[in-house]
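Colleague: Any chance you could fold what I've pasted below:
(chains A and B)
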There are 2 protein chains.
Amino acid sequence: MPARIACAAALCALAIPAPLPADEGMWLFNALPAERLKARHGFAPSAEWTNRVMRSACRLSSGGSGSFISPDGLVLTNHHVGASVLLKLSTPERNLLKEGFVARTRAEELACPDLEIIALAQIEDVTARVNAAVPAGADAAAAFEARRTAIARIEQESQDATGMKSEVVMLYRGGLYHLYRYARYDEVTLVMAPEEAIAFFGGDRDNFEFPRFDLDICIFRVRKDGVPARIEHYLPIRRAPLAEGELVFVAGHPGSTQRLFTLDHMRFLRDVEMPFRLTELNRREVAMQQFSMRTAENARVARDDLFGVQNSRKAIRGILSGLLDPPVLAAKAAGEAALRARVAADPALGASLDDWDAIARGLEALRGFYGEYQALETGLAFWSRLYGHALTLVRLAAEKEKPNEERLPGYRESDMPTLELKLYSPAPISPALEQAKLAHSLAVFATAFGGEHPLVRTVLAGKSPEARAAELARGTALGGAGARREIAAGGGAAIKASADPMIVLARTVDPYARAVRKRYEDLYQSVERESYGRIASALFAIHGTSVYPDATYTLRLAYGTVKGTTDLGMPVPFATTIGGAFERSDAAGGRDPYELPPRWLAARGRLALQTPFNFICTADIIGGNSGSPVLDRDANVVGVIFDGNLDSLIWDIVYVEDPGRAVAVAAPAILEALAKVYGADALLRELAPGMR
Amino acid sequence: MPARIACAAALCALAIPAPLPADEGMWLFNALPAERLKARHGFAPSAEWTNRVMRSACRLSSGGSGSFISPDGLVLTNHHVGASVLLKLSTPERNLLKEGFVARTRAEELACPDLEIIALAQIEDVTARVNAAVPAGADAAAAFEARRTAIARIEQESQDATGMKSEVVMLYRGGLYHLYRYARYDEVTLVMAPEEAIAFFGGDRDNFEFPRFDLDICIFRVRKDGVPARIEHYLPIRRAPLAEGELVFVAGHPGSTQRLFTLDHMRFLRDVEMPFRLTELNRREVAMQQFSMRTAENARVARDDLFGVQNSRKAIRGILSGLLDPPVLAAKAAGEAALRARVAADPALGASLDDWDAIARGLEALRGFYGEYQALETGLAFWSRLYGHALTLVRLAAEKEKPNEERLPGYRESDMPTLELKLYSPAPISPALEQAKLAHSLAVFATAFGGEHPLVRTVLAGKSPEARAAELARGTALGGAGARREIAAGGGAAIKASADPMIVLARTVDPYARAVRKRYEDLYQSVERESYGRIASALFAIHGTSVYPDATYTLRLAYGTVKGTTDLGMPVPFATTIGGAFERSDAAGGRDPYELPPRWLAARGRLALQTPFNFICTADIIGGNSGSPVLDRDANVVGVIFDGNLDSLIWDIVYVEDPGRAVAVAAPAILEALAKVYGADALLRELAPGMR
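Modeller: Model prediction:
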């Protein structure tokens, strides 16, 4: 893919972000690029438009974006965003991923065990208040701590005052702090999911390819006290197909980009972080394939993990390819040199060349314990939901004994509803899968640290990784939500007294994990935040609001043009049709991964085969945007983002308009399938009032 | 698997190798364990028996063992040993791996492009001569060099005197040096290969599992000047089935074991070498899967690489699991402590505790450049047959200018027939596969060394790994044997003048590769050899010939008992039947990897379903033994080794008799299939005179 990147000149936008390529940007809803939109597309979003789109977009705790599409709480997202929920609702006898699901009535909808959906309602700039909390002359670590305390206080105050889920979001890597207030829904039912064979038609083979033919959608409903929630702001679905050249918008939650990274930081990505992650993903992919191969039931329970691993592996390979393509970093270097020259010449910009050096030093420090941090604090050594629950219980007991503001993020009073929803989830946990994942990760841990490492010896307790994994996965009672509730209720005493092997393990590891977390914060994160904050100030001073912040898994608006592209020089049309899926399946002899579900084969004669199925556009999206609504000028849903093409993978680090594209399911295909394949009449009736 | 290892006591045999478990040992043909065999099995191999078995066993350059089974040169080996040859003989239109092959007449046999088969004819102990070449007081590096020169001289002299391929084999990691003279055949034809679907029935899923049902055989013929070679020593095939409890022998070429390693060396395996190799294998597996997934033709050309990677990955995971199982190293530590105590107490044993320390220091040094050595000298950075050819050409030109004894191993006059057979092979090379493998390995190289590393920059020449791989794979002319011959004929001048991008790359990398090779030899290999040589002397002094050397991919005799085993406590019978394969396929609905070939389905009614198909025995085998004949007391072929069960994977580092087992194709199944499935009448008639 990197070979396909056009020219280095386009990339110079990286550190001196104006002028941006026309359709670049993941914009804050309180700082939309009104002038750019007007100049380029002749469109000026009204305050009403902006508010409605903002409040209609939502985020799902299973990892992705969505939107409200009916006043009675229907939420449209991707099948692959709902997949982990579908797995939790499945049994060996009833595989919802494979078979799909349609609720004919509201009573037939299935209650989701631990899905949380939030929708942004208000934004408030609290930068001044956060920064005022830092005492004059504080070093980076002290400043970090002071800001964290201030943020905890702001969040709790807001939550107490409004009853809304409140979160301070750091933007521009420390340049701004905004308080986001969310409407929160933790009662969610499953309304409709297609079969995986059509949601992920083409499988891993076609992933990140276009043309493709995927009905990658899933429909949920949010409820309050058992009845459908009343939703004020929702988005009507448009029946009319898109034309090439149309302006579209994407309102969603891009996860994380690294476009404002310094050159040294890019090199760290290239030489340390991405290789590290890719290596582990390759290992996990092989481990999950081996596990899945043994029985059909194994394949069923591991499917979501395997998909996630393959998806990430492909994405990271794309990013790494970009980073290894010399023009990419050369452009970054050129842009950075220009910015540094401005900063060096003008102290009033608020930054200094020391800021780049400080980031480099922080990264150098991080390099020394990066593996340890990943293993212990991000859980690489313990790839297990049961261990995750155990660590949450151990930390919950410890953190609850501290004043609210001093607690670890995630353990404050304002975090409790989200934490408890997850911790007490009744979703089944497969002991066989847990054992396999633990055996894998314990072996990775032991080989990374060496068999003589004291913590390895402690963790393995004189056993091989396989034997220890079996003991942990089979011996713990934490598979049951009741047992987790009971331990949580007992607080610190219950943790101390527990003989549950997973609790004992988490209790043993936690001090080491906290120690490396502290090093991470003091030696790297705090330093980075201070310096990036100052560099961001310089950027604002030079460019004003024409710079957008790196993605932070919070709501953003992107815009773009519905437009074909090229693949290795060959033209690629902007849309596919439903008929194309049948043709593709025919050409492959109906074999996996091009096997269409029986319902689709049966509906072939009824379907309008010319209906647009998937389409592409230039909107600036990234992982996390999955499930985002694609909107027209009138804020009608014209599609749902579910993918980017191979050439868009580099967008994590730099947006290059051609030939990268976002890929979406076209709204007409959704309506056509609901009507002709799934006979989802009640659902269609519910959508009808808003439909255009 | 490691959890299944019986008791630590059995493992103590590791460093104090007497008493061994009853059936342990990979014995030299000039030092068979006569007393042990007599005591345990009441069998005394005669000189005639020993000579016939030794001379009937052979080794294939595609990587594995085999045996002569007819006076007209028929060679029996495994399908997976012949697979790379089958690939070379295939085209997009005629896939011999998939379709199988049977020559109805000798004229129909297919000439193999670059297969060499050698058979051991004579053994001579040259230890004294090799050691005498070392000047008194020489340091390790000088001793290493002196021995290497002496070995080159001995080999050349032998070759000149006898005309036979001559090789000095280092045994006991430097304790003994034996000169092996081989009969060599480089004209080989393919006679028979079954379809992959039955040769590898059960696929990666059943690999290293038992019970299994694989006709993993392939039959070649060696020729001289176009006509079948006359073979004096060959092994008759036995028609009668084996009984449980029968004594059997395996004559083959176990590749490499690490049973005599010091404890520090075992830790190096555990903490450095095995994790390094496993990481790369996981990466390669994902890369080859991705490549294979794209088109059927890709899958065809990558099949052999993918199989090799998966096979190694499984084996290394097994070894690593064993190394991470604390009792394994604890037993090693106990055995080593006992040996060290003897050595410390008795200087006359010829070793000292310094020898263990020296090995540890050597490993510590190696750790510092292990990645570089792997990347540049073992070719991890350039996973490509074309690069391999380029480097051979570059080195050939340089080495030819030196006196014979000073050349790199592999480039001496005595090596030329083997080198040329490979270098001038007309076998096709897939540019698409080469490009994918190069892109993979260049990216691994760049990420391992960092994008700023000068050699990375030189190698990538300002391009991304993908772009550079495309340029190299598509731009080189080395895909044609003619081009390679031409460059070789031109010598150093042709190399210097060449603008072929692959030659230019190899020319650039070679000095760096040689430099790291030199460090490897001086800082690690020479030190290791001296010290292991002295430790071996101590072992001989204590144990005499009751110790066998670690495997060196040279001919060994193992013996064992045909015997069932257990799998996680459940009994496993000693043999499967042909009927079992059909039942297994039926149970899986005939789906991949249990899809039987059409010829087998058609023959179902004719086959004697009770015929033994695969069987297991306790013989001590390892990778490299694939294709080895299994023999009864009368030296009749009763089977062909093709696998070990999961519990045998640890045998690389320690032999534990239960529940590990070697797995073989039973001779009766071979005869039954040749007769009833393949109608290979001519072949059966040729075998008939010897058959019993």
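
Colleague: hey, let's count contacts and neighbours off CA atoms from now on
Modeller: Fine.

Colleague: The closest residue in space to A:Thr618 that isn't next to it in sequence: what's it in contact with?
Modeller: Counting by C-alpha to C-alpha, 6 or more residues apart in numbering or on different chains, the nearest residue to A:Thr618 once its immediate chain neighbours are dropped is A:Gly560, at 4.7 Å. By C-alpha atoms under 8 Å, 6 or more residues apart in numbering or on different chains, the residues touching A:Gly560 are A:23, A:247-249, A:617-620.

Colleague: for the stretch 151-300 of chain A, what are the low-confidence residue spans?
Modeller: Within the stretch 151-300 of chain A, no range satisfies pLDDT under 70.

Colleague: who in it is up against chain B?
Modeller: Counting by C-alpha under 8 Å from any C-alpha of the partner chain, the residues of the stretch 151-300 of chain A close to chain B are A:205, A:267, A:270-272, A:275, A:279, A:282-283, A:285-286, A:290, A:293-294.

Colleague: OK, contacts around A:Arg205?
Modeller: For A:Arg205, the contacting residues are A:593, B:290, B:293-294, taking C-alpha under 8 Å, 6+ apart as the criterion.

Colleague: Send me the host helix or strand of it as CSV with only the CA atoms.
Modeller: When elements are assigned from DSSP states H and E, A:Arg205 belongs to helix A:203-206. What follows is the C-alpha trace of helix A:203-206 in CSV, where atoms were taken according to Å, rounded to 0.1, in the frame of the first residue of the first chain:
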residue,chain,number,x,y,z
GLY,A,203,-14.0,-12.8,5.2
ASP,A,204,-10.5,-12.1,6.1
ARG,A,205,-9.6,-12.3,2.5
ASP,A,206,-11.7,-9.3,1.4
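
Colleague: Pull up the pairing partners for whatever helix or strand comes next after it, direction included.
Modeller: Helices and strands here follow DSSP H and E; after helix A:203-206, the next one along the chain is strand A:218-224. On the basis of DSSP bridges, the sheet neighbours of strand A:218-224 come out as strand A:74-77 (antiparallel), strand A:187-193 (antiparallel), strand A:227-228 (antiparallel).

Colleague: Residues contacting the second one, please?
Modeller: The reference is to strand A:187-193. A:79, A:100-103, A:106, A:109-112, A:115-117, A:217-226.

Colleague: got the contacts of A:Gly560 as CSV, with neighbour count and secondary structure columns?
Modeller: Converted to CSV, the contacts of A:Gly560 look like this (neighbours: other C-alpha atoms under 10 Å in any protein chain shown; DSSP: H, G, I helix; E, B strand; the rest coil):
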residue, neighbour count, secondary structure
A:Asp23, 21, coil
A:Leu247, 21, strand
A:Val248, 25, strand
A:Phe249, 25, strand
A:Cys617, 30, strand
A:Thr618, 29, coil
A:Ala619, 29, coil
A:Asp620, 28, coil
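
Colleague: quick check, nearest of those to A:Glu232?
Modeller: Set against A:Glu232, the nearest of those by C-alpha to C-alpha is A:Phe249 (20.6 Å).

Colleague: Next, give me the two most distant ones among the contacts of A:Gly560.
Modeller: Farthest pair in the contacts of A:Gly560 (C-alpha to C-alpha) is A:Leu247 and A:Asp620. Separation: 12.9 Å.

Colleague: list residues touching both of those two?
Modeller: Taking C-alpha under 8 Å, 6+ apart as the contact criterion, the common neighbours of A:Leu247 and A:Asp620 are A:559-560.

Colleague: for chain B, what are the nearby residues on chain A?
Modeller: Residues of chain A lying close to chain B (C-alpha under 8 Å from any C-alpha) are A:1-3, A:205, A:267, A:270-272, A:275, A:279, A:282-283, A:285-286, A:290, A:293-294, A:321-322, A:324-326, A:443, A:446-451, A:462-467.

Colleague: quick revisit: out of the strands paired with strand A:218-224, which one sits most buried?
Modeller: When the strands paired with strand A:218-224 are scored by mean count of other C-alpha atoms under 10 Å in any protein chain shown, the highest mean neighbour count falls to strand A:74-77 (a mean of 28).

Colleague: by contact count, what packs against the helix or strand following that strand?
Modeller: Counting by DSSP H and E, the element after strand A:74-77 in chain order, helix or strand, is helix A:79-88. When contacts are defined as 3 or more C-alpha pairs under 8 Å, 6 or more residues apart in numbering or on different chains; DSSP states H and E, helix A:79-88 packs onto helix A:96-99, helix A:196-199, strand A:218-224, helix A:296-323.

Colleague: can you list these in TSV and add mean neighbour count?
Modeller: Listed next are these as TSV, based on neighbours: other C-alpha atoms under 10 Å in any protein chain shown:
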stretch	mean neighbour count
helix A:96-99	21
helix A:196-199	23
strand A:218-224	23
helix A:296-323	20
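
Colleague: looking at these, which is closest to A:Thr50?
Modeller: Comparing those by their distance to A:Thr50 (C-alpha to C-alpha), the top pick is strand A:218-224, with 22.5 Å.

Colleague: what is the rounded mean pLDDT of stretch A:439-450?
Modeller: Mean per-residue pLDDT for stretch A:439-450: 94.

Colleague: Just the residues contacting it, thanks.
Modeller: Outside stretch A:439-450, the residues that reach it (C-alpha under 8 Å, 6+ apart) are A:284, A:287, A:371, A:375, A:380-383, A:456, A:460, A:465-470, B:270-272, B:275, B:321, B:324.

Colleague: What about the residues you listed, which are in helices?
Modeller: Secondary structure from DSSP state H places A:284, A:287, A:371, A:456, A:460, A:465-470, B:275, B:321 of the contacts of stretch A:439-450 in helices.

Colleague: Mind telling me the two of the residues you listed farthest from one another?
Modeller: Based on C-alpha to C-alpha, the longest span within those runs between A:Gly371 and A:Ala470 and measures 24.8 Å.

Colleague: if we can go back for a sec, filter the contacts of A:Arg205 down to the buried ones.
Modeller: Those of these that meet the buried threshold are A:593, B:290, by 16 or more other C-alpha atoms under 10 Å in any protein chain shown.

Colleague: Kindly indicate which of the contacts of A:Arg205 lies nearest B:Ala515.
Modeller: Looking across those and measuring by C-alpha to C-alpha, the closest to B:Ala515 is B:Gln290, at 34.8 Å.

Colleague: Can you tell me the closest non-neighbouring residue to that closest one?
Modeller: For B:Gln290, the nearest residue in space outside its immediate sequence neighbours is A:Arg205; the separation is 7.5 Å by C-alpha to C-alpha, 6+ apart.

Colleague: and what of A:Leu176?
Modeller: In space, A:Leu176 is closest to A:Thr127, 5.3 Å off (C-alpha to C-alpha, 6+ apart).

Colleague: Let me see the contact set for the one you found.
Modeller: For A:Thr127, the contacting residues are A:176-178, taking C-alpha under 8 Å, 6+ apart as the criterion.

Colleague: Please apply the same query to A:Glu273.
Modeller: No contacts exist for A:Glu273 under C-alpha under 8 Å, 6+ apart.

Colleague: List the single closest residue to A:Leu421 in space, sequence neighbours excluded.
Modeller: Here the nearest residue to A:Leu421 in space, its sequence neighbours aside, is A:Asp114; by C-alpha to C-alpha, 6+ apart that works out to 5.6 Å.
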